[in-house]
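J.: Attaching a predicted model along with its sequence, questions to come.
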Amino acid sequence: MNRFMLSAAGVSAAAIGGTVSAAVLQFHYDKYAGEAGWSISDSSGNVVATASVTTVTAADLVSSALYYWSGSDNTAGYAFLVNLDLAAGDYSITLTDTWADGWAWAPVDGSDAFVYGSYTLAFTSSQGSSVTGSFTVVPAPGALALLGLAGLAGTRRRRA
């Protein structure tokens with residue numbers, strides 16, 4: 001009689017293995033942050049998150065904060081950090097500016113408008129009202145380790 005047993009680690013891994021990975025997204029707005037917005041879509045074209053400075057809507061949104069980039073005033077623009085739980089996979093992001101001058105106003109040059117891990121998307125004044133890029137979310141190393149443990153826990157040697 002074959003029995004399948006899943007350890008506590010295996011149950012945890014099975015629950016999170018294919019679902020989500022925490023993604024901290026960093027946005028660097030110029031001092032006119034009220035003009036800024038963004039939208040993230042999955043590889044099927046479904047919008048998974050969208051926001052402006054005053055509104056954040058996303059089923060997976062965990063937290064967000066808007067603060068002065070330099071820590072003291074708005075001349076260096078604003079930082080907007082968003083912590084999302086995104087499934088591993090490919091995503092596209094569109095940054096928008098209602099004034100059509102990008103997220104660049106001295107001294108902010110727009111070169112680091114969006115950052116996720118090592119991926120950076122620039123949104124300079126020459127790009128107008130929107131710019132689109134793409135990034136990939138990979139499973140967190142801890143989730144991969146749990147999946148490995150689940151595989152080990154699920155196997156059992158039979159004694160002869």
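T.: Everything's here; your move.
J.: does Ser126 really touch Asp101, like I thought?
T.: No - between Ser126 and Asp101 there is no contact under Cβ atoms under 8 Å: 9.1 Å. C-beta here means a position set from N, CA and C on the backbone, and glycine is covered the same way.
J.: Looking at those two, which is more packed in?
T.: Asp101 (19 against 10; other Cβ atoms under 10 Å).
J.: May I ask which helix or strand encompasses that one?
T.: Here Asp101 is covered by no helix or strand, with elements defined by DSSP states H and E.
J.: Not counting its neighbours along the chain, what's nearest it?
T.: Spatial nearest neighbour of Asp101, chain neighbours left out: Ser125 (4.8 Å); criterion: Cβ to Cβ, 6 or more residues apart in numbering.
J.: repeat for Gly77
T.: Using Cβ to Cβ, 6+ apart and skipping the chain neighbours, the partner closest in space to Gly77 is Val108 (4.1 Å).
J.: which residues touch the one you found?
T.: His28, Tyr29, Asp30, Lys31, Trp69, Ala76, Gly77 (Cβ atoms under 8 Å, 6 or more residues apart in numbering).
J.: ditto for Gly133
T.: By Cβ under 8 Å, 6+ apart, the contact list for Gly133 reads Ser92, Ile93, Phe114, Tyr119, Leu121.
J.: pLDDT on stretch 126-134, on average?
T.: For stretch 126-134, mean pLDDT is 96.
J.: Report pLDDT for Val138.
T.: Looking at Val138, its pLDDT is 88.
J.: Neighbours of it, how many?
T.: Val138 - counted by other Cβ under 10 Å - has 12 other residues nearby.
J.: Show me the beta-bridge partners of the residue nearest to Gly77.
T.: Beta-bridge partners of Val108, counted by DSSP bridges, are Trp105.
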